[in-house]
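Visitor: Just a sequence and a predicted model for now, questions to come.
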Amino acid sequence: MEYLTRNLDRRLDSSKLLDGKAASILMVAMNYYCDTDEGPGTPTVGSDEGVIARYARGDDYHDVMLPRLRALGSWLAERVPDVQTHSYVDTGPLLEREAAQRAGLGWVGKHTLLLNPQLGSYFFLGALVMSVPLPPDTPTETHC
């Protein structure tokens, strides 16, 4: 986990993102839960097949979330003059889980995953860092 020490100043102070112009972070969650055990990853009892985790059964979430976040950034740029944005999906010096908790998306459970009352922990996190200030949301209370 050596990557955590890279860009430590920006990782610990998100206002330093966007060359020091970051004013807000819009956190998003993308559900990956499927309520069936049928399909890829469900071996027959006694078979030599492996099990594929639910989060790994679909398309790579980076390839799905990044274009959506960038489209949101483009939409914002059409409406807010001179706004700067940058999208992150596990790709930069941002502590997404902590930002998501502060944004009210959930709380960090004892297993260190973010838990959401409706989604459990079956979601990926993404972030749109922007140079425009937004009013902060209320963090979710811990329910563990």
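Guide: That came through fine. What you see is a predicted model, and the numbers here were worked out from it, not measured in a lab.
Visitor: For stretch 83-93, give me every contacting residue.
Guide: Residues from elsewhere that reach stretch 83-93, judged by CB atoms under 8 Å, 6 or more residues apart in numbering: 6-8, 10-11, 17-18, 21, 61-62, 65-66, 69-70, 73, 76-77, 94, 96, 124-132. All C-beta spots, glycine's among them, are computed from the backbone N, C-alpha and C.
Visitor: Residue 113 and residue 26, how far apart?
Guide: 21 Å (CB to CB, to the nearest Å).
Visitor: can you check residue 50 too?
Guide: On the measure of CB to CB, residue 50 and residue 26 end up 37 Å apart.
Visitor: just the helices in the chain please.
Guide: Listed in chain order, the helices found in the chain under DSSP state H are 8-12, 17-20, 61-79, 96-102.
Visitor: mind checking how far the residue nearest in space to the middle of the chain is from residue 80?
Guide: Per CA atoms, centre = their mean, the C-alpha nearest to the average position across the chain is that of residue 125, at 1.4 Å. The spacing between residue 125 and residue 80, counted by CB to CB, is 24 Å.
Visitor: for residue 101, same thing?
Guide: Going from residue 101 to residue 80 by CB to CB gives 26 Å.
Visitor: Neighbour count: those two, which is higher?
Guide: Set residue 101 next to residue 80 and count neighbours by other CB atoms under 10 Å: residue 101 wins out with 19 against 13.
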